[in-house]
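K.L.:
structure here, sequence nowhere to be found:
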């Protein structure tokens, strides 16, 4: 909630935003705050969550959702706190062993599911920052301020490494750090390999972030010693 308030304070008045959350982000308080900000949201919720349907309280897991299908309950009350009306979706992908459940203030079922799929993109960042990359989970830092500074530095480094990965994906670079016939690595891993290659070869590092004049939203790295 504190983070949400901090973000809202920095958002332009005319901006629109959408909140996508995993199962820890389905509380009544958060949904109220998002509605008050006029944000749309799609959050995962638990199968034992209670909703009020036709005047009766039922657990989501007790309502049939067929494999390979989606089902939406519109204008229901959410949990015993009775928050709503909201929409709740049961979504059983045919590749999954069981359905997942979403709570949203969007009215279109398929749009809500498409939006929620975007949340998965953040998982790659988590793994690259932790077990498959910078291993922030092993920092043993407990002070919030020190941890915040480390995360900021790691995110800037991540941005740089991803850029190096885009360079390393080009054929003339990739043959130096990876196999030429196909690529099995992410941009992050390619970027780390290219950085290691430059360090071993004592080559110039591309480390300066400069705005590209023709595209204000794009950033390039300039070669410097």
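P.N.:
Ah, there it is. For clarity, every value in this text was computed on a predicted model and none was experimentally measured.
K.L.:
remind me, longest helix of the chain?
P.N.:
Assignment by DSSP state H gives helix 144-168 as the longest helix of the chain.
K.L.:
which secondary structure elements does that helix sit against?
P.N.:
In terms of contacts (3 or more C-beta pairs under 8 Å, 6 or more residues apart in numbering; DSSP states H and E), helix 144-168 is packed against helix 121-129, helix 171-177, helix 187-200, strand 205-212, strand 215-224. Any C-beta I mention is one placed from the backbone N, CA and C, and that applies to glycine too.
K.L.:
could you give me the buried positions within the first one?
P.N.:
What it means is helix 121-129. Using 16 or more other C-beta atoms under 10 Å as the test for burial, helix 121-129 gives 128, 129.
K.L.:
lowest average confidence, helix or strand, in this protein?
P.N.:
Least confident helix or strand, the chain: strand 215-224 with a mean of 37, by mean pLDDT, DSSP states H and E.
K.L.:
can you list the domain ranges for this structure.
P.N.:
If you go by automatic domain parsing, the domain ranges for the chain are 2-119, 130-224.
K.L.:
excluding its backbone neighbours, what's nearest residue 41?
P.N.:
Spatial nearest neighbour of residue 41, excluding adjacent residues (C-beta to C-beta, 6 or more residues apart in numbering): residue 19 at 4.0 Å.
K.L.:
and that neighbour, how far from residue 64?
P.N.:
Separation of residue 19 from residue 64 (C-beta to C-beta, to the nearest Å): 29 Å.
K.L.:
ok, those two, which is more surrounded?
P.N.:
Under the criterion of other C-beta atoms under 10 Å, the comparison of residue 19 against residue 64 puts residue 19 first, with 21 against 9.
K.L.:
secondary structure class for that one?
P.N.:
Three-state call for residue 19 (DSSP: H, G, I helix; E, B strand; the rest coil): strand.
K.L.:
looking at it, it is touching residue 38, isn't it?
P.N.:
No. At 11.4 Å, residue 19 does not count as touching residue 38 under the criterion of C-beta atoms under 8 Å.
K.L.:
retrieve the pLDDT associated with the residue nearest the centre of the chain.
P.N.:
Centroid-nearest residue in the chain, with C-alpha atoms, centre = their mean: residue 122, separated by 2.8 Å. Note for residue 122: predicted pLDDT of 83.
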